[in-house]
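# Here is a sequence together with a model predicted from it:
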Amino acid sequence: QVQLVESGGGLVQAGGSLRLSCSASGPTFRSYYMAWFRQASGKEREFVASISRYGGSIYYADSLKGRFTISRDDAKNTLYLQMNSLKPEDTAVYYCASDPDLISPVTTNARAWGRGTQVTVSL
């Protein structure tokens with residue numbers, strides 16, 4: 001079972017940037033699909049971005065294309081989410097997820113989840 005730990009969240013002004021990291025344990029990281037989801041207060045959890053095994057395919061939520069970039073470093077067992085031009089509506093808890101099968105924009109669940117990291121964007 002993959003263990004996931006997110007970091008890098010915090011408070012940032014609108015227009016600023018943050019880079020989230022997700023450190024994964026286990027020797028099979030590179031064989032898992034990885035993804036970021038987020039959940040704002042009072043709202044359902046939503047898909048943000050995903051990346052396939054070895055980084056061959058990447059998916060983004062349509063509303064986030066151009067501002068967020070997902071990447072992975074298999075040598076470091078780490079997943080990243082670079083977030084630029086942040087807006088107050090990006091405020092949410094961001095979760096890292098992994099699954100041996102495809103995680104796409106219509107995926108609502110995954111095999112393993114981290115505990116999340118809070119991102120707050122102020123005006």
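It's in.
# only C-alpha atoms for contact and neighbour calcs from this point on.
Noted.
# nearest spatial neighbour of Tyr71, skipping sequence neighbours?
Actually, residue 71 is Ser rather than Tyr. Excluding the flanking residues, the one nearest Ser71 by Cα to Cα, 6 or more residues apart in numbering is Tyr80, at 5.2 Å.
# For that neighbour, what is the enclosing helix or strand?
Using DSSP states H and E, Tyr80 maps to strand 78-83.
# partners of the helix or strand following that strand, with directions?
Remark: after strand 78-83, the chain's next helix or strand is strand 92-99, criterion DSSP H and E. Looking at strand 92-99 with DSSP bridges, its partner strands are strand 33-39 (antiparallel), strand 112-113 (antiparallel), strand 117-122 (antiparallel).
# How far away from the center of its chain is the second one?
Spelled out, that is strand 112-113. Chain-centre distance of strand 112-113: 12 Å, with Cα atoms, centre = their mean, to the nearest Å.
# Which residues does it contact?
Strand 112-113 has contacts (Cα atoms under 8 Å, 6 or more residues apart in numbering) with Gln1, Val2, Gln3, Leu4, Tyr95, Cys96, Ala97, Ser98, Asp99.
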